[in-house]
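> Provide a 3D model corresponding to the input given below.
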Amino acid sequence: MPSVKIPRKSTATDMTPFVDIAFLILSFFMLATKFKPPEPVQITTPHSVSADKLKIQDAVQIEFDSTGKVYFTLLTKRQSDVEPKRQLIESLNKDQNLGLTPNEIQNFIDQPIIGAPFSAVKQVLSVPKDQRGNLKQPGIPVDSTNNQLTVWITHAISAFAGRPINYLVKGDNNAKYPSFKGVIEALRKNEQFKYQLITDPETVPAGTDEYVRRTWKKP
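Just a heads-up that it's a prediction; the model follows:
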């Protein structure tokens, strides 16, 4: 009985749909990625054994450097969510008579980072955002007689309109205690008693139990 020959089919695969999918995925990540906001000052955070990572969510980030200068940053879960930033700067502009122009208000919305007293906010926001990194800001006053950070936090709470806010405190390892005390006092006056400290999780502090555990070797 003669054998039946099965016709061979080509094994070539059309890769065009795969290329299209790859570009679609790449485009999605490019549009959906939330870039880290620029830091107003270089801060060396203290070490910590915690491995918890901060979640991207609505937050007030407060930073203070080794000289005690305090900076305020408003973060939103989605980069496109500009309404809380607009509400914050517009209410402060009215409440503190800052005299901001629409362009200066937009500069804050684009880069909501401030490290200056109310008397100098207009000057800071008049600088283009791409040049603000070179501007030396004097810091937000947090002393007992003039704690302006309290006002920033109050207006931030109103701007988020009841949405949960995460409070992040990032201080330099060499900062003096009065700066930290002023920051905590500003939170306390707004009845905010829970906050997260931003630390360096890569290195364990020498002398701690975790440091001893990691460095101890069996004889």
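> Which element, helix or strand, includes residue 180?
Take DSSP states H and E as the rule and residue 180 turns out to sit in helix 177-189.
> Show the contacting residues for residue 83.
Contacts for residue 83 were tallied using C-beta atoms under 8 Å, 6 or more residues apart in numbering; they are residue 159. C-beta coordinates here come from the backbone N, C-alpha and C atoms, glycine included.
> how near is it to residue 190?
With distances taken as C-beta to C-beta, to the nearest Å, residue 83 is found 21 Å from residue 190.
> now do residue 113
If you measure residue 113 against residue 190 using C-beta to C-beta, the figure is 20 Å.
> Same drill for those two, tell me which one is more crowded.
When residue 113 is set against residue 190 and neighbours are counted by other C-beta atoms under 10 Å, the residue ahead is residue 113, at 22 against 18.
> so where is the protein shaky, pLDDT-wise?
Residues of the chain that meet the criterion pLDDT under 70 lie in 1-20, 22-24, 26-56, 200-219.
> that older thread, ok, then the element right after the helix holding residue 180?
Next helix or strand after helix 177-189 toward the C-terminus (DSSP H and E): strand 196-197.
> Pairing partners for that next one, with directions?
Paired with strand 196-197 in the same sheet, following DSSP bridges, are strand 166-171 (parallel).
> quick check: angle from the strand it pairs with to helix 177-189?
In terms of direction (axes from the mean of the first three to the mean of the last three C-alpha atoms, to 10 degrees), strand 166-171 departs from helix 177-189 by 170 degrees.
> just to revisit the earlier point, alpha carbons of the helix holding residue 180, as PDB, please.
The C-alpha coordinates for helix 177-189 follow below in PDB (Å, rounded to 0.1, in the frame of the first residue of the first chain):
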ATOM      1  CA  TYR A 177      17.100  68.600  67.500                       C
ATOM      2  CA  PRO A 178      15.300  72.000  67.300                       C
ATOM      3  CA  SER A 179      14.500  71.500  63.600                       C
ATOM      4  CA  PHE A 180      13.000  68.100  64.300                       C
ATOM      5  CA  LYS A 181      11.100  69.400  67.300                       C
ATOM      6  CA  GLY A 182       9.600  72.200  65.100                       C
ATOM      7  CA  VAL A 183       8.500  69.800  62.500                       C
ATOM      8  CA  ILE A 184       6.800  67.500  65.000                       C
ATOM      9  CA  GLU A 185       5.200  70.500  66.700                       C
ATOM     10  CA  ALA A 186       3.700  71.600  63.400                       C
ATOM     11  CA  LEU A 187       2.200  68.200  62.900                       C
ATOM     12  CA  ARG A 188       0.900  68.100  66.500                       C
ATOM     13  CA  LYS A 189      -0.800  71.500  66.200                       C
END
